[in-house]
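K.L.:
Could you look at this predicted model? Sequence included:
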Amino acid sequence: MSEEATERRARWVQDESEIAELAALVVDPAREQLIICITKQPALDQPMIDPDAVAAELGDRADVWVVTESGDAWALTEALPPKIDVYGGAVRAWAPIPAGKEPYPSDHPQWTVFSPDDAPRVMEQILAFVNLADNPPPEFGSESMATVTAVRKAGAELTLASGHPAFASNQHLVQHGEVYHAREILEVGQEIKVRVGPWHAQAAKVSVSMRDFAPEPWERLEEVYNVGDVVDGVVIRLQPYGAFVELLPGAEGLLHLSKISDQYVEYVEDFLAPGDRVTVRLLSLDGYNRKAEMSIVDVRGDAPLPPASVYPGGPPWLPDSPEAFEDEPESEVAGHYQQQRERDDRPARDGDDSADRAADASASGPDEIALLKTQLAELQERLESVEQERAKLAEELSALRQ
């Protein structure tokens, strides 16, 4: 694109009349073109993202405006509907606003540019939003098939049938229970049905949920296990009369005190700890009443069946060995597999995994970072709004004193 075209596309606001023109364009129901507005931090001379580069990249798909003066930014805020203004150091995209429709901030995303090095990330998200206008994702609340493209600590990345990138957080992978790592539930290449949620501009992905289509855990247990089977589970909590062992996320059964060891068991905590992986024999399985009873004593050396999968055709929810996650630090899989250790001459998993889970949470992946940046941007926007309100009140107080 020529320099002349680039300059034409990136329009730098010069005076209040152009602010009024921009505000009128934003709310004009006849507008069909996207508008990108770039501002700068008050202490800087230029925006931290190059407006001409943005304009050159977007071409005719969006009009790029630049507001650099604080007074102009305040005037623009006063002229626009609430919550779709743009604050210093940020970039706002204004999609067309149909007549009679109240503008929602989520329809007009705003990105904070944290530093010049952060500009490529913001540019990527601006492009994703502009592409979204050309190819909208499936309707909010609709069903869609999706293919898993990556599994993370915080959830799974997917591609919808429409081609849009999507993300399902761990709490949206199953109906019940806690998921420590998406690899317990899904594997790359797996096809799954999802419920379409909102588009998140900061992460440049559609949020989706599988909860509506997840198998009921007790029904799934009865599909894959029978009374008498030897299976693996994870101790999730202790009681004076025994321990509760999770057999699938959301399905747990009782390991009674008398079934823990051939030795005399006075205190359960002398033999088991939350997080222990144990091999048990199923003594009863009642999916209708959501109850199961099991025994370690009755295993008698029999090998356990392969761990069940949460979804038919999915991966086992418990890995067979630490090598299953050999590409990740140990802390990333601490939720359901820790190094074996000896206790009372019995193989077991390490005890309370809370420290490992805390370390796991501190090692944020790219989607968690994007989420944190989104939250930070929202807080900055709220702070700016409070500052605006404070300034207005100060002006009113000054006028009253005069």
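P.N.:
Thanks, I have the structure now.
K.L.:
is residue 35 in a bridge, and if so with what?
P.N.:
residue 63, residue 94 (DSSP bridges).
K.L.:
Residue 93 is in contact with that one, correct?
P.N.:
Yes. At 7.2 Å, residue 35 counts as touching residue 93 under the criterion of Cβ atoms under 8 Å. Glycine gets a C-beta too; all of them are placed from N, C-alpha and C.
K.L.:
and the gap between residue 25 and residue 96?
P.N.:
Using Cβ to Cβ, to the nearest Å, residue 25 is found at 10 Å from residue 96.
K.L.:
Mutual contacts of those two, please.
P.N.:
residue 31 (Cβ atoms under 8 Å, 6 or more residues apart in numbering).
K.L.:
quick revisit: out of residue 35 and residue 93, name the residue with the larger neighbour count.
P.N.:
Between residue 35 and residue 93, residue 93 has the larger neighbour count (other Cβ atoms under 10 Å), namely 23 against 18.
K.L.:
and the more buried one, what pLDDT?
P.N.:
On the pLDDT scale, residue 93 is placed at 90.
K.L.:
ok, it - contacts?
P.N.:
Neighbours of residue 93 in contact, by Cβ under 8 Å, 6+ apart: 34, 35, 36, 37, 62, 108, 109, 110, 126, 129, 130, 201.
K.L.:
of the residues you listed, closest to residue 179?
P.N.:
Closest approach between the contacts of residue 93 and residue 179, by Cβ to Cβ: residue 201, at 25.8 Å.
K.L.:
Give me the pLDDT for residue 154.
P.N.:
So, for residue 154, pLDDT stands at 87.
K.L.:
again with residue 1
P.N.:
43.
K.L.:
Same question for residue 42.
P.N.:
We have a pLDDT of 83 for residue 42.
K.L.:
Please indicate which of the contacts of residue 93 are buried?
P.N.:
Neighbour-count burial (16 or more other Cβ atoms under 10 Å) is assigned, among the contacts of residue 93, to 34, 35, 36, 37, 62, 108, 109, 110, 126, 129, 130, 201.
K.L.:
Report whether the expected contact of the first one with residue 94 is present.
P.N.:
Yes. The pair formed by residue 34 and residue 94 meets the contact definition of Cβ under 8 Å, at 7.0 Å.
K.L.:
Any figure for the gap between the most centrally placed residue in the chain and residue 248?
P.N.:
The centroid of the chain falls nearest to residue 169 when counting by Cα atoms, centre = their mean (4.6 Å). As judged by Cβ to Cβ, residue 169 and residue 248 stand 19 Å apart.
K.L.:
ok, now residue 90?
P.N.:
Counting by Cβ to Cβ - residue 90 and residue 248 are separated by 45 Å.
K.L.:
what's the answer for residue 180, then?
P.N.:
13 Å.
K.L.:
just residue 261 next, same as before
P.N.:
Going from residue 261 to residue 248 by Cβ to Cβ gives 25 Å.
K.L.:
neighbour-wise, which of the two wins?
P.N.:
Taking neighbours as other Cβ under 10 Å, residue 261 and residue 248 compare with residue 248 leading, 25 against 15.
K.L.:
which ones are touching the more buried one?
P.N.:
Applying Cβ under 8 Å, 6+ apart, the residues near residue 248 are 177, 217, 220, 221, 308, 310, 317.
K.L.:
Max pairwise distance over those: which two?
P.N.:
177 and 308, at 12.8 Å, using Cβ to Cβ across those.
K.L.:
and those two? which has more neighbours close in?
P.N.:
Remark: of residue 177 and residue 308, residue 308 carries more neighbours, 21 against 18, as counted by other Cβ under 10 Å.
K.L.:
which residues touch the more buried one?
P.N.:
Residue 308 makes contacts with 220, 221, 224, 225, 231, 247, 248, 316, 317, as judged by Cβ under 8 Å, 6+ apart.
K.L.:
what's the most distant pair in those?
P.N.:
Pairwise over the contacts of residue 308, using Cβ to Cβ, the maximum falls at 221 and 316, 13.8 Å.
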